[in-house]
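K.L.:
Here is the input, now give the coordinates:
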Amino acid sequence: QVQLVESGGGLVQAGGSLRLSCAASGRTFSSDAVGWFRQAPGKEREFVAAITWSRGATRYADYIKGRFTVSRAVAKNTVYLQMSSLKPEDAAVYYCAARGLIATIASLYDYWGRGTQVTVSS
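P.N.:
Numbering: from 1, shown residues only. Modelled structure (predicted):
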């Protein structure tokens with residue numbers, strides 16, 4: 001089992017920045033990839049970014065266009081999502097999830113956190 005806890009969400013003005021954290025515990029060695037997803041009201045959960053613990057390999061959704069950066073602190077068992085130039089359409093609940101291999105499809109992930117709300121005011 002892997003437990004994931006997101007933090008760092010909040011209210012920010014358009015153009016601002018936020019850094020989300022995903023603290024992992026449990027059998028993290030069995031889930032090398034951590035992904036970030038988001039879900040806005042009435043919309044499907046969508047992939048944002050992912051990273052591997054072992055090599056720090058990353059993958060991003062095309063719409064991110066360099067505004068977000070995913071990173072990890074292995075010693076802290078924490079993955080970060082640095083978000084910059086935020087837009088109102090970035091508002092959503094952001095979730096982190098874990099699985100063995102990096103992937104962009106939500107249903108492939110085995111473990112999920114409860115999410116953290118990001119609100120962007122225009």
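
K.L.:
tell me the contacts of the nearest residue to residue 101 once chain neighbours are set aside?
P.N.:
In this structure, residue 101 finds its nearest non-sequential neighbour in residue 33, 5.7 Å apart by C-beta to C-beta, 6 or more residues apart in numbering. To be clear about C-beta, it is placed using only N, CA and C from the backbone, and glycine gets the same treatment. By C-beta atoms under 8 Å, 6 or more residues apart in numbering, residue 33 lies in contact with 50-53, 98-103.

K.L.:
Out of those, which sit inside helices?
P.N.:
Among these, DSSP state H puts none in helices.

K.L.:
want to try CSV for these, with pLDDT as columns?
P.N.:
Formatted as CSV, those follow (pLDDT from 0 to 100):
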residue, pLDDT
50, 97
51, 97
52, 96
53, 93
98, 96
99, 95
100, 92
101, 94
102, 95
103, 95
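
K.L.:
Looking at these, spot the one nearest residue 3.
P.N.:
residue 98 (9.4 Å; C-beta to C-beta).
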